[in-house]
Every structure is written in C-alpha cells, then in structure tokens.
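**Student:** just to be clear, the model below is a prediction. Sequence and coordinates:
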Amino acid sequence: MPVINFGAGEPDFPTPDAIVEAAIVACRDPAMHHYTPTAGLPALRAAISAKTSRDSGFSASPDQVLVTNGAKHAVFTALTALLDPGDEVLIPSPYWTTYPEVARLVGGKPVAVSTSPATGFLATVADLEAARTERTKVLIFNSPCNPTGAVYPAALVREIGEWAAAHDLWVLCDEIYEHLVFGDVVQTSMPVVVPELADRAIIVNGVAKTYAMTGWRIGWLVGPSDVVDAATTFQSQVTSNISNISQRAALAALEGDLSAVAEMRAAFDRRRTAMTSMLNAIDGVSCVVPDGAFYCFPDVSGLLGRELAGGRPTTSAELAQQLLATVHVATVPGEAFAAPGHLRLSSAISDDDLVEGVQRIAQFAAG
C-alpha cells in the first residue's frame, strides 16, 4: 500500500513554463554567472516593490526590499536585525514551526498566544495584551495562517495593528499565502490599514506558494530603510547574494500574470471543501473550514484514548505515528505547531489521493 502524504507544505503543481524558460535564458547569460548585489537584482527589487503595491496596497521603494533565500530566510534575517537578547516575540498559536525556533536562535524569547477552534484560531487584542510585557518587542502575524488556514478579517487586523502601534511594537507580517484565500475572504495587509505602523512593520513574502516555486528559494522582506540596510549588511556576511538564476525566474513570475495561482486556488478550494466535509464525518474529528492557505487542521482529540485500528493513541503525535504505520497516511501532529490534539493535513495533493487518504483515516478511526 503506497503512502499518501498529507504532510507536504508546497503546491503539487509544476512551476509555470514561462518562469522555467526565463531561468533557462538566464543560465545562458554570462552576467548571471557572477556575483550580484547582496540585496538582490535591481530589476527584481523594483518588481517586488511594484507587486507589493499592486497586490496589498502597501507602497515601498525598491531600496526598502531585501531578496532572501526563501521566506524562512527572510524571517530569520528580519528577527536578527530587530531582536536583542531577551526580547520577547508574541506568536499566536497554532503557529508555523519556524517562528519560535528562529526567535530563540537570535537570542529572543518566543511567547505563544493561544487561540482555539471556537474563535476560528484568531487571536484578539485582549489575548495579545494579556501576553505583553515590558520586554515584548515583536509580534509575528501570519494571515492566511499555516497551519490553520485562518484569515484575519480587516477590522481585526486594524485593531491589532493599532494596538501594536500604541505600544511601539514591531510587527512581522508573513504574507506568503496572500493569494490563497477562498470565497469572499480577503487578505488584509496590516501596515496598509494602519499607516502609522508602517515604520515598524516588516512584510515577508516570496514566490514559493503563489507560483509553485518552493524549490527556487526566493523570498523577500519589505520594511523601513534602516532595518533593510542592517539586514542586508548581515546577509552579505552570511550568503552574499541569492542565486541569480532563481532571481531572474522570480522576476519573470512577478512580471507575468496570476493565471497560474488562479488555477491552483480553484483546486485548493475544491479540495479544502471535500477534505473538511469528509473529516467532519468521522466520529471524534472536528474540523474548522479553512479560509486560506492549503491546509486543514482538524481537532482529533475525540480519537485519543479510544481503541483504533492501530492501537490506543493518547496524543496526536502517537495518532500520527499509528496512521502512518497502520494505513500508510502521513500527517503532521499538532504538537509541531503548539496545538496538541490536532493534525495538519495539506490539500496540496491530488483529488484522488485526498479522497483515498481521508477514507483510510476514517477506516482507521472506525477500529
């Protein structure tokens, strides 16, 4: 029985042909065989500036852009520039596994701010204020969210941004899933609706999810010039410039249209609806319908302690192990996201495999 993998955090689509062709042309260009500016190809920085204005409404000049080795590298570089030892970083949970680890790596202290399915996994100002101390310096804000698919409505984004501005906090806005929202849901960029926060906000983004380019490793951060200058100086000693070939491919992506993401979004929309419905039909499983990204994050606490096909799991980590061993379905346990009792399932998987995989989970749960 082949393994059905719900664990992957990347689109199951190939990079569009026009982007691949741009990389092939770049390979033949001798100018791309040498070092380029640390902050990125000037044309790409200009394209990122234009794309940010076009897609989110946030205006930033090209010199406020730093091209990085993927969005994860952008998060690391930004926090390196912002944090002093002992500074606290508020991170609504469930959260992407990288956030707290990067904060620790650069000497900061991650502080989880718990959310729940009952609130749609959305943190409120009251939640954040309860966690704030005199050492709080940064809020990491991810919408649409990995792993929950939660998308913050504009009014709540504004409330949180105004609260952050009032307390002189920095906000790192991870907008990597900005184009993967469904129905009438709209992604809102915090410094756009809270202009007074613009000088203390850093936007992280990249081509990975929008253009199915996870392996090309092109991300970026957009922020105040002094932070970008410091981050660029740091990056110059760590990586020098990012791959020239990938930068030219990213330039082609940003200068092209969004037809590829429209196709992917339609598939992810169809799959999230099917997956949520099937998961909610399993006794002991409850799944909030995700509004963005390409994950479902079901509460499986109702399965814990029960006699199932693979044994009697007491944690979601044990449940994930038993699913893999017994019915060959790979998931990511909620413990990885500070949310025990949950599993993350990616809908970046073929429709047939999705149905087969969730059916296996249902059979497993039936004992």
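**Tutor:** Yep, it's here. Numbers count the residues shown, from 1 in each chain.
**Student:** thought Gly292 was touching Gly183?
**Tutor:** No: look at Gly292 against Gly183 with C-beta atoms under 8 Å: they stay out of range, at 10.0 Å. (Each C-beta comes from the backbone N, C-alpha and C, glycine too.)
**Student:** between the two, which one's more packed in?
**Tutor:** Neighbour comparison, Gly292 and Gly183: the larger count goes to Gly292, with 27 against 10 (by other C-beta atoms under 10 Å).
**Student:** could I get the contacting residues of the residue lying closest to the more buried one once chain neighbours are set aside?
**Tutor:** Of all residues not flanking Gly292 in the chain, Pro144 sits nearest, at 2.7 Å (C-beta to C-beta, 6 or more residues apart in numbering). Contacts for Pro144 were tallied using C-beta atoms under 8 Å, 6 or more residues apart in numbering; they are 150-151, 177-178, 180-181, 187, 290-293.
**Student:** ok, now with 6 Å
**Tutor:** Pro144 sits next to 151, 177, 181, 292-293 when contact means C-beta atoms under 6 Å, 6 or more residues apart in numbering.
**Student:** that one and Lys209, how far apart?
**Tutor:** Between Pro144 and Lys209 the distance is 10 Å, computed by C-beta to C-beta, to the nearest Å.
**Student:** quickly list what's touching both of the two.
**Tutor:** Any residue near both Pro144 and Lys209 by C-beta under 6 Å, 6+ apart counts here, and that gives Tyr177.
**Student:** is Thr152 in a helix, a strand, or coil?
**Tutor:** I think there's a mix-up here, since residue 152 is Tyr and not Thr. coil (DSSP: H, G, I helix; E, B strand; the rest coil).
**Student:** the closest residue to it other than its chain neighbours: how many residues sit nearby?
**Tutor:** Excluding the flanking residues, the one nearest Tyr152 by C-beta to C-beta, 6+ apart is Ser143, at 4.4 Å. Look at Ser143: counted by other C-beta under 10 Å, it has 26 neighbours.
**Student:** okay, and the residue nearest to Gly292 sits in which element?
**Tutor:** Per DSSP states H and E: Pro144 is located in neither a helix nor a strand.
**Student:** next one: it from Ala249, what distance?
**Tutor:** Distance from Pro144 to Ala249, counting by C-beta to C-beta: 24 Å.
**Student:** still on that earlier bit, surely the residue nearest to Tyr152 meets Val151?
**Tutor:** Yes: with contact defined as C-beta atoms under 6 Å, Ser143 reaches Val151; the gap is 5.5 Å.
**Student:** overlap in contacts, the two.
**Tutor:** Counting by C-beta under 6 Å, 6+ apart, nothing touches both Ser143 and Val151.
**Student:** in stretch 5-17, which residues are buried?
**Tutor:** Judged by neighbour count (16 or more other C-beta atoms under 10 Å), stretch 5-17 contains these buried residues: 5-7, 9, 11-12, 15-16.
**Student:** let me redo that: stretch 252-271
**Tutor:** 252-254, 260-261, 264-265, 267-269, 271.
**Student:** stretch 346-362 too?
**Tutor:** 346-349, 354-355, 357-358, 360-362.
**Student:** from the middle of its chain, how far away would that stretch be?
**Tutor:** Its chain's average C-alpha position is 22 Å from that of stretch 346-362, according to C-alpha atoms, centre = their mean, to the nearest Å.
**Student:** quick one: mean pLDDT over that stretch.
**Tutor:** Regarding stretch 346-362, the rounded mean pLDDT is 97.
**Student:** what about dumping the CA coordinates of it to CSV?
**Tutor:** The C-alpha trace of stretch 346-362 is given here as CSV (Å, rounded to 0.1, in the frame of the first residue of the first chain):
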residue,chain,number,x,y,z
SER,A,346,-2.2,19.5,3.3
SER,A,347,-4.7,19.8,0.5
ALA,A,348,-1.8,20.2,-1.9
ILE,A,349,-2.3,16.6,-3.1
SER,A,350,-4.3,15.1,-6.0
ASP,A,351,-8.0,14.8,-5.6
ASP,A,352,-7.9,11.0,-5.8
ASP,A,353,-5.2,10.7,-3.2
LEU,A,354,-7.1,13.2,-1.0
VAL,A,355,-10.2,11.1,-1.0
GLU,A,356,-8.3,7.8,-0.6
GLY,A,357,-6.3,9.2,2.2
VAL,A,358,-9.2,10.6,4.3
GLN,A,359,-11.1,7.3,3.7
ARG,A,360,-8.2,5.4,5.2
ILE,A,361,-8.2,7.7,8.2
ALA,A,362,-12.0,7.1,8.6
